[in-house]
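Enquirer: Fold the following for me, if possible:
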Amino acid sequence: MSESVAIDRTQFREAMARLGAAVNIITTKGPDGDTGFTASAVCSVTDDPATILVCMNRSSSQHDIFKAAGVLCVNILTHEDEDLSPIFAGKGNLPMAERFAHAKWLRLTTGAPALESAAAALDCKIDRIVEAGTHSVIFCAVQAIHLGSKSSGLVYHGRAYHKILSQPG
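Expert: Sure thing, here's the model as predicted:
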C-alpha cells in the first residue's frame, strides 16, 4: 500500500483549474421533481458496455436524490447553452423548477431530463457508486443517447468558459 502524501489543497485546485474539461449538466428525476447540477468531472470509462463516470460532492443537497433515483442524464453543453452552467451551479439560488424553465427538455429511456439543445445527452442507469474523499464517483451504464448539434463545444479552463469550434464535415 502506498504512503499518503500531504498536498496543498489550494495548489491542487489551481492545477485542476488548468485542466480544461467539458461542461455538463447532470440531471435526474426526484420525488419532488427534476433536479440537476453542473459538473466538469465526467468521463467515458468504456464503450463495451457503454459506461461513463460522474463525480459528485457528497455534501451536495442533491446527492441523496441522485443515489435514490438510480438514473441520471449527462447533458454535454454547447457554447450556445453556456448560460445554463451557472444557473445549474446554483448562481442566483433559483428553485429547480425555474432552472429547468430556462431550456427545453426531452425524456429518453430512464425519464431523467435530457437537454434538447445539448451536443449530446447520455441517459444512464447508475451501476455503482465508489466513495473517494469528499466525492462519490458514480459509474453509469448508458441506456440511450440523444445527439444534438456538432457546431461547438464548451470547456471550462482557467476558471473561465471557452468555446470550441467543431471542424466542418
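Enquirer: Pass me the low-pLDDT residue ranges in the chain, would you?
Expert: 1-2, 167-169 (pLDDT under 70).
Enquirer: Report the next helix or strand after the top helix by length along the chain in sequence order.
Expert: When the chain is parsed with DSSP state H, its longest helix is helix 9-17. Proceeding N to C from helix 9-17, the next assigned helix or strand is strand 21-22, under DSSP states H and E.
Enquirer: Can you spell out which helices and strands pack onto the very next helix or strand once past that next one?
Expert: Later in the chain than strand 21-22, the nearest helix or strand by DSSP H and E is strand 24-30. Using 3 or more C-beta pairs under 8 Å, 6 or more residues apart in numbering; DSSP states H and E, the elements in contact with strand 24-30 are strand 33-39, strand 50-57, helix 63-69, strand 71-76, helix 84-88, strand 113-115. Yep, even glycine has a C-beta here, placed from its N, CA and C like the rest.
Enquirer: same thing but at 6 Å, please
Expert: strand 33-39, helix 63-69, strand 71-76 (3 or more C-beta pairs under 6 Å, 6 or more residues apart in numbering; DSSP states H and E).
Enquirer: Could you list the residues in contact with the longest helix of the chain?
Expert: 158, 159 (C-beta atoms under 6 Å, 6 or more residues apart in numbering).
Enquirer: Okay, buried residues for that helix please.
Expert: Within helix 9-17, no residue is scored as buried using 16 or more other C-beta atoms under 10 Å.
Enquirer: on that earlier part again, want to try JSON lines for the helices and strands packed on strand 24-30, with mean neighbour count and distance to residue 11 as columns?
Expert: Below are the helices and strands packed on strand 24-30 laid out as JSON lines (neighbours: other C-beta atoms under 10 Å; distance: least, C-beta to C-beta, whole Å):
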{"stretch": "strand 33-39", "mean neighbour count": "20", "distance to residue 11": "22"}
{"stretch": "helix 63-69", "mean neighbour count": "17", "distance to residue 11": "27"}
{"stretch": "strand 71-76", "mean neighbour count": "26", "distance to residue 11": "29"}
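Enquirer: Having no further points to raise, I will conclude here.
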